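A.B. asks: next one to model:
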Amino acid sequence: MSSVLPRVLVIGQHGQVSKALQAQLADVGQLHVLGSDQLDLAHPERIREHVRASRPDLIINAAAHTAVDQAESEPALAFAINAQAPGIFAEEAARLGIPLIHYSTDYVFDGRKAAPYSEDDAPNPLGVYGRSKLAGEQAIAAVGGEHLILRTSWVYSRTGRNFLLTMQRLLQEKPQLRVVADQIGAPTWAGTIAQSTRALIERWQAGQAGAWGTYHLTAQGETSWFGFAQAIGEQLQRAGLPCAELLPIPSSEYPTPAQRPLNSRLDCSRLQRQWQVSQAHWQQALIDCLK
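C.D. replies: Below you'll find the model as predicted:
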């Protein structure tokens with residue numbers, strides 16, 4: 001590829017992953033960022049207009065309907081944003097002959113497997129959010145252009161609404177906190193996702209791209225939401241801040257409109273083999289995030 005920085009169209013502006021991407025990719029490409037204020041993903045023709053006006057060399061779709069419980073009561077909107085829009089981005093990318101990078105989720109699986117999920121495992125989502133994200137993956141794959149679908153899990157950062165920020169607040173406000181202990185996964189810092197995305201783009205730019213397709217991209221290691229809360233509490237205590245007593249509970253004691261998979265662990269070894277891109281351990285990433 002030429003030494004001219006590629007034009008990178010980033011869909012999503014204020015989300016955790018998009019913000020991390022904007023910080024991480026500032027010197028990798030000429031970023032054109034479109035948030036929901038500029039582009040309503042529920043309107044297909046507007047998507048096509050914006051892509052064609054941008055004339056990008058790469059599209060990164062970091063936008064999604066991520067309100068898992070809310071999706072249960074607004075499935076049409078969830079499918080418009082999470083399924084229909086990604087398919088249109090894939091069509092436009094293929095028309096331009098450029099790659100598409102798209103983020104998906106552990107929620108495409110039902111969480112009943114005893115081991116971490118590989119990319120070859122059959123999806124079986126439990127709720128509207130997972131079904132809409134799976135439909136988005138299928139729409140992209142059906143187009144058949146150059147694409148990376150990156151499934152991640154338990155995303156957090158220093159901005160937005162996420163488990164880290166909620167726990168930091170509640171642990172300092174309450175004397176005691178009950179947290180689900182039977183859901184297992186890898187808390188994944190948005191910064192980790194952005195760093196890995198940068199590494200993937202750099203390999204593509206250098207002509208060293210691996211196989212296109214679907215990959216798992218999470219932090220290394222595993223824990224429960226309870227274990228993640230414990231780690232957050234330890235960091236608060238090291239900073240001399242108050243921290244609630246934590247009590248482990250089963251998912252059955254914390255009912256939600258959407259059912260969560262009990263096993264959200266994803267095997268990320270294929271990304272390492274194909275693209276030579278790997279991630280930090282979740283505990284180290286948490287420390288890096290809090291710095």
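
A.B. asks: what are the buried residues along stretch 153-168?
C.D. replies: Using 16 or more other C-beta atoms under 10 Å as the burial criterion, the residues of stretch 153-168 that qualify are 153-158, 160, 162-164, 167-168. Where C-beta positions appear, they are placed from N, C-alpha and C, glycine not excepted.

A.B. asks: pLDDT averaged over that stretch, what's the number?
C.D. replies: Stretch 153-168 shows an average pLDDT of 96 in the prediction.

A.B. asks: and that stretch, how far apart are its ends?
C.D. replies: Taking C-alpha to C-alpha, to the nearest Å as the measure, stretch 153-168 stretches 20 Å from start to finish.

A.B. asks: and the contacts of that stretch?
C.D. replies: Contacting residues not belonging to stretch 153-168 are listed as 14-17, 19-20, 105-106, 177, 179, 185-191, 193, 218, 225, 228-229, 232-233, 236, 264, 266, 286, 289-290 [C-beta atoms under 8 Å, 6 or more residues apart in numbering].

A.B. asks: if we go to 6 Å?
C.D. replies: The list of residues contacting stretch 153-168 from outside it, by C-beta atoms under 6 Å, 6 or more residues apart in numbering, reads 16, 19, 106, 185-188, 190, 218, 229, 232, 264.

A.B. asks: not counting its neighbours along the chain, what's nearest L150?
C.D. replies: Counting by C-beta to C-beta, 6 or more residues apart in numbering, L150 lies nearest to L217, which is 4.4 Å off, once chain neighbours are set aside.

A.B. asks: list the contacts for the one you found?
C.D. replies: Neighbours of L217 in contact, by C-beta under 6 Å, 6+ apart: 150, 152, 196, 271.

A.B. asks: can you verify G233 is assigned to a strand?
C.D. replies: No. G233 sits outside any strand when classified using DSSP: H, G, I helix; E, B strand; the rest coil, being helix.

A.B. asks: and the gap between it and Q176?
C.D. replies: Going from G233 to Q176 by C-beta to C-beta, to the nearest Å gives 12 Å.

A.B. asks: give me the below-cutoff pLDDT ranges for the protein.
C.D. replies: Applying pLDDT under 70 to the chain picks out residues 1-3.

A.B. asks: and the helices in it, which stretches?
C.D. replies: Defined through DSSP state H, the helices belonging to the chain, from first to last, are 16-24, 44-54, 68-71, 75-79, 85-96, 128-143, 163-173, 190-205, 225-238, 269-275, 282-290.
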